[in-house]
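Enquirer: next come a sequence and a model predicted from it.
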Amino acid sequence: MTVFSEFLQHMANGLVLGFLYALVGIGLSMVYGILRMINFAHGEILMVGVFLALPVSALGAPAWVVLLSGLAGATLMGLLVQWAIYRPLLKSPEVTLLVASLGVSLLLQNLVLMLTSPQPKRPAPAPFLDQPFLVGEIVLRNVDLAIVVVAIVATLATHLFLKHTRHGRALRALAQDMSAARMMGVNVPFMVMVCFLIGSALAGVAGVLIGYKYGHLTPLSGFVPGLKGFVAAVIGGIGSFPGAVVGGLILGLLETFLVGYLPDALAQYRDAYVFLVLILVLLVKPSGLFGKPETVKV
Amino acid sequence: MSVLTAQALKKSFGAVTAAADINLSFDADTVVGLIGANGAGKTTLLSTVSGIVAAHQGQVLYRGKEITRLSCEQRVAQGIVMCPEGRRLFPEMTVQENLLLGAYNVTDKTAIGAALDRVYALFPRIAGRRKQLAGTLSGGEQQMVAIGRALMAAPTLLLLDEPSLGLAPNLVELIFETIAEIRKLGCSIMLVEQNAAMALEVADFGYVLETGKVTVSGRASDLKERHDVVEAYLG
């Protein structure tokens, strides 16, 4: 393999990973944009989505049905958490919501651990998705292509919704000036629900795709994707929709290149580098690529 | 029948009483001017009518029906729309998107199109800027978008809070001419203004608020003649 095709291989791997991070980061970013709250339970909503999709996969359902089950499962979980726990706290200080989300995160991890087992699980094998293909000297599997296609379609659909529908406009308005949006007749609790619905659905999709790609799912499997989605959102400027997508891609590429080009002894700390990136962004440009500097509202 | 009646409205923010005991009532198709010093309770009155804040005590009746407990969006659906002080546009959305937000509860596409045409006819200056981000407009243009956005919901009662604040004199004139135009659309207006002389010029009735209470009320033309009002607010 030439040096150049090795570079291209890392690039392709990084983009695939980046699309997964973007799918997770969008939900975190949108919720933050409206509630100024970091939803630490986002990764666990992803995990619950996949765990609800696993039995569907075990029944022999095709991959796209499993994907939709993960989407539905995560959406239901996200809405349930929002309705039961975040909604009553809507008027509380942001830090209360943050602590509540940490609690939800731990609760869901342990609940799933109790109801299932710590044994790693995987979706039923999907031979088509596992099939490799070559682009020049680059080796990819069909699942990588599926990740890219599904992520692009989901991102585009979200973009069109935000840009061209009345509820989408209301969501953007809410993030810019909540009380002015109320004056226009926007039903804030309903729109917050819509926001969680979209974010959770995308997380569920990401979860199932992660399951097919890595095939190693435990009740703690949501934790790392959740944190990396958060880092992606921060890189892009938390609260910004395009920021989450671009931030996810940057993070995926960065992580893959670091792991690919660093000596083996250093490459094994891949998660540590991600958090190093987070710290650097927060030090150098806390508002990220597309975010606005945070001003304290009076 | 009166379009709006406020009975013994009370609202305080912490230890500060903003509205102590406000009573007022006016008929349809009227422009009501609310004048008074800073902190007299004018904005609080508008906010309790719009539903953006809830009154502690008292009642708000709209066309004879009590609306005191209704949410902001329910009141917008009934035709009570607020155009807030400081314009409060959505800065990262275009002029047209801001206007469409005003018609959030209107689902009839042709009605929305007609409302857009009406607003652009009223304010030709923003018609040429419909794709521009609202945050990049001048203060006067932003005020036009803010009023236009409120009109998009086809209000029957428009609550205008300080529409002339911070505008150049020629624009203040233009805004007041527009208020006279808006009433022809069959819409009552509650107008809060620092510029009391202009407010009483355009209004049919005037209410003077002091420390959360109505102290003087009457026909705008009569208020302009009363020397206590002239001395305190028009001098």
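Expert: Good, I have the coordinates.

Enquirer: what residues does the stretch 51-200 of chain A put near chain B?
Expert: In this structure, the stretch 51-200 of chain A approaches chain B at residues A:166, A:169-170, A:172-173, A:176-177, A:179-187, judged by Cβ under 8 Å from any Cβ of the partner chain. Where you see a C-beta, it was placed from the backbone N, CA and C, and this is true even at glycine.

Enquirer: list the ones among those residues that fall in helices.
Expert: A:166, A:169-170, A:172-173, A:176, A:179-183 (DSSP state H).

Enquirer: mind listing the strands for the stretch 1-150 of chain A?
Expert: With DSSP state E, counting those that start in this stretch as the criterion, the stretch 1-150 of chain A has strands at A:132-135, A:138-141.

Enquirer: and the residue of chain B nearest chain A?
Expert: Here chain B gets closest to chain A at one residue, B:V76, 3.2 Å apart by Cβ to the nearest Cβ.

Enquirer: for that residue, what are phi and psi?
Expert: For B:V76, the backbone dihedrals (degrees, to the nearest 10) come out as phi -60, psi -40.

Enquirer: how many residues are close by B:E231?
Expert: If you count neighbours by other Cβ atoms under 10 Å in any protein chain shown, B:E231 ends up with 9.

Enquirer: give me the low-pLDDT residue ranges for chain B?
Expert: For chain B, the stretches with pLDDT under 70 are B:235.

Enquirer: most packed of the strands of the stretch 1-150 of chain A?
Expert: Ranked by mean neighbour count, the strands of the stretch 1-150 of chain A are led by strand A:138-141 with a mean of 16 (mean count of other Cβ atoms under 10 Å in any protein chain shown).

Enquirer: tell me what that one is packed against?
Expert: helix A:3-35, strand A:132-135 (3 or more Cβ pairs under 8 Å, 6 or more residues apart in numbering or on different chains; DSSP states H and E).

Enquirer: want to throw the ones you listed into JSON lines with mean pLDDT and distance to B:A220?
Expert: Shown next, in JSON lines, are the helices and strands packed on strand A:138-141 (pLDDT from 0 to 100; distance: least, Cβ to Cβ, whole Å):
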{"stretch": "helix A:3-35", "mean pLDDT": "95", "distance to B:A220": "43"}
{"stretch": "strand A:132-135", "mean pLDDT": "93", "distance to B:A220": "77"}
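
Enquirer: and of these, who's closest to B:G51?
Expert: Comparing these against B:G51 with Cβ to Cβ, the closest turns out to be helix A:3-35 (20.5 Å).

Enquirer: tell me which parts of chain B are close to chain A?
Expert: With Cβ under 8 Å from any Cβ as the criterion, chain B meets chain A at residues B:50, B:52, B:71-73, B:76-77, B:81-82, B:84, B:88-93, B:97, B:100-102, B:104-105, B:149, B:153.

Enquirer: host element of the spatially most central residue of chain B?
Expert: By Cα atoms, centre = their mean, chain B has its centre lying nearest to B:L160, at 1.7 Å. Per DSSP states H and E: B:L160 is located in strand B:157-161.

Enquirer: what sits up against that strand?
Expert: Here strand B:157-161 makes contact (Cβ atoms under 8 Å, 6 or more residues apart in numbering or on different chains) with B:3-4, B:42-43, B:46, B:49-50, B:62, B:79-85, B:147, B:150-151, B:179, B:182, B:187-192.

Enquirer: again, 7 Å this time
Expert: Here strand B:157-161 makes contact (Cβ atoms under 7 Å, 6 or more residues apart in numbering or on different chains) with B:3-4, B:43, B:46, B:49-50, B:79-85, B:150, B:182, B:187-192.

Enquirer: just stretch B:198-216 next, same as before
Expert: Residues outside stretch B:198-216 that contact it (Cβ under 7 Å, 6+ apart) are B:17-24, B:26, B:30-36, B:40-42, B:164, B:172, B:176, B:179-180, B:191, B:193, B:217-220, B:223-224, B:229.

Enquirer: distance across it, terminal residue to terminal residue?
Expert: Terminal residues of stretch B:198-216 lie 18 Å apart, using Cα to Cα, to the nearest Å.

Enquirer: can you pull the buried residues of it?
Expert: Residues B:198-200, B:202-209, B:212-214, B:216 are the ones in stretch B:198-216 that count as buried (16 or more other Cβ atoms under 10 Å in any protein chain shown).

Enquirer: now the two most distant members of the residues you listed.
Expert: Using Cβ to Cβ, the buried residues of stretch B:198-216 reach their maximum pairwise distance at B:V202 and B:G212, which is 24.7 Å.

Enquirer: would you mind measuring from the nearest residue to A:M183 once chain neighbours are set aside to B:V3?
Expert: Using Cβ to Cβ, 6 or more residues apart in numbering or on different chains and skipping the chain neighbours, the partner closest in space to A:M183 is B:M82 (4.7 Å). Taking Cβ to Cβ, to the nearest Å as the measure, B:M82 and B:V3 are separated by 16 Å.

Enquirer: more neighbours, those two?
Expert: Neighbours per residue (other Cβ under 10 Å) separate B:M82 from B:V3, with B:M82 holding more: 28 against 22.

Enquirer: hang on, that one packs against B:V49?
Expert: No. Using Cβ atoms under 7 Å, B:M82 is not in contact with B:V49; the gap is 8.1 Å.

Enquirer: for the residue of chain B closest to chain A, list the residues it contacts.
Expert: Contacts of B:V76 (Cβ under 7 Å, 6+ apart): A:184-185, B:105, B:153.

Enquirer: now do the helices in the chain.
Expert: Picked chain A for this. For chain A, the helices defined by DSSP H occupy A:3-35, A:42-58, A:63-81, A:94-115, A:127-130, A:142-164, A:166-176, A:178-183, A:188-214, A:223-236, A:241-261, A:264-267, A:270-284.

Enquirer: meant chain B, my bad for not saying
Expert: For chain B, applying DSSP H gives helices covering B:42-50, B:72-78, B:95-102, B:109-122, B:124-127, B:139-151, B:169-183, B:196-202, B:220-223, B:227-229.

Enquirer: pLDDT weak spots in chain A?
Expert: A:293-298.

Enquirer: still on that earlier bit, can you tell which of the helices and strands packed on strand A:138-141 is closest to A:G226?
Expert: Closest to A:G226 of the helices and strands packed on strand A:138-141, according to Cβ to Cβ: helix A:3-35, at 6.7 Å.

Enquirer: that closest one: which residues count as buried?
Expert: For helix A:3-35, by 16+ other Cβ under 10 Å, it's A:8-10, A:12-35.

Enquirer: next one: that helix to chain centre, how far?
Expert: Per Cα atoms, centre = their mean, to the nearest Å, the displacement of helix A:3-35 from the mean C-alpha position of its chain is 9 Å.

Enquirer: now B:K11: how far from B:R69?
Expert: Counting by Cβ to Cβ, the gap from B:K11 to B:R69 is 14 Å.

Enquirer: whoops, I mixed them up, A:L249
Expert: Distance from A:L249 to B:R69, counting by Cβ to Cβ: 49 Å.

Enquirer: next one: B:L101
Expert: Per Cβ to Cβ, B:L101 is found 25 Å from B:R69.

Enquirer: repeat that for B:V214.
Expert: B:V214 sits 23 Å away from B:R69, going by Cβ to Cβ.

Enquirer: going through the residues of the stretch 51-200 of chain A next to chain B, which ones are buried?
Expert: Among those, the ones that count as buried by 16+ other Cβ under 10 Å are A:166, A:169-170, A:172-173, A:176-177, A:180-187.
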